[in-house]
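Engineer: Kindly return the folded structure for what I paste below:
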Amino acid sequence: MLQSQKMAFDFKEHFPFPTIRKEQEKAINFILEAFLNQNKDYVVLEGETGCGKSAIGITISRYLASVSKNKKNKDYYDGSYFLTTQKILQEQYVKDY
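Structural biologist: This is a model prediction of the structure:
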């Protein structure tokens, strides 16, 4: 269960789809809060198949890249890594995003 958010981030322009589900929005705010306001180095997102983990990851990556460009924040650099255990999922990321 995600804890209550301290801050909501303006990330929706970075979301890859026209609509965002409530749980995806909560997860993105939680993760951005951890990275940007709590100075966490790592955040692990565990979710069931089909919950939108890829869209969440892409949104966070795009948002952090925009923070880096807009604020000259040297703690964040362009680029992200997506790890997967299956080649077919890697191909899906490339095709979808």
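
Engineer: drop to CA atoms for contacts and neighbour counts, all remaining ones
Structural biologist: Fine.

Engineer: Walking through this protein, point out its helices one by one.
Structural biologist: With helices called from DSSP state H, the chain shows them at 22-32, 53-71, 87-96.

Engineer: any chance of these in a markdown table, plus mean neighbour count, distance to residue 8 and mean pLDDT?
Structural biologist: Below are the helices of the chain laid out as a markdown table (neighbours: other C-alpha atoms under 10 Å; distance: least, C-alpha to C-alpha, whole Å; pLDDT from 0 to 100):
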| stretch | mean neighbour count | distance to residue 8 | mean pLDDT |
| --- | --- | --- | --- |
| helix 22-32 | 18 | 6 | 95 |
| helix 53-71 | 18 | 13 | 85 |
| helix 87-96 | 10 | 26 | 86 |
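
Engineer: what about those, which gets the closest to residue 12?
Structural biologist: With C-alpha to C-alpha as the measure, helix 53-71 is the member of the helices of the chain nearest residue 12 (8.0 Å).

Engineer: Who are the packing partners of the closest one?
Structural biologist: Secondary-structure packing of helix 53-71 (3 or more C-alpha pairs under 8 Å, 6 or more residues apart in numbering; DSSP states H and E): helix 22-32.

Engineer: if we can go back for a sec, and the helices of the chain: which comes nearest residue 14?
Structural biologist: The nearest among the helices of the chain, by C-alpha to C-alpha, is helix 53-71 at 5.2 Å.

Engineer: what residue is smack in the middle of the chain?
Structural biologist: residue 60 (2.5 Å; C-alpha atoms, centre = their mean).
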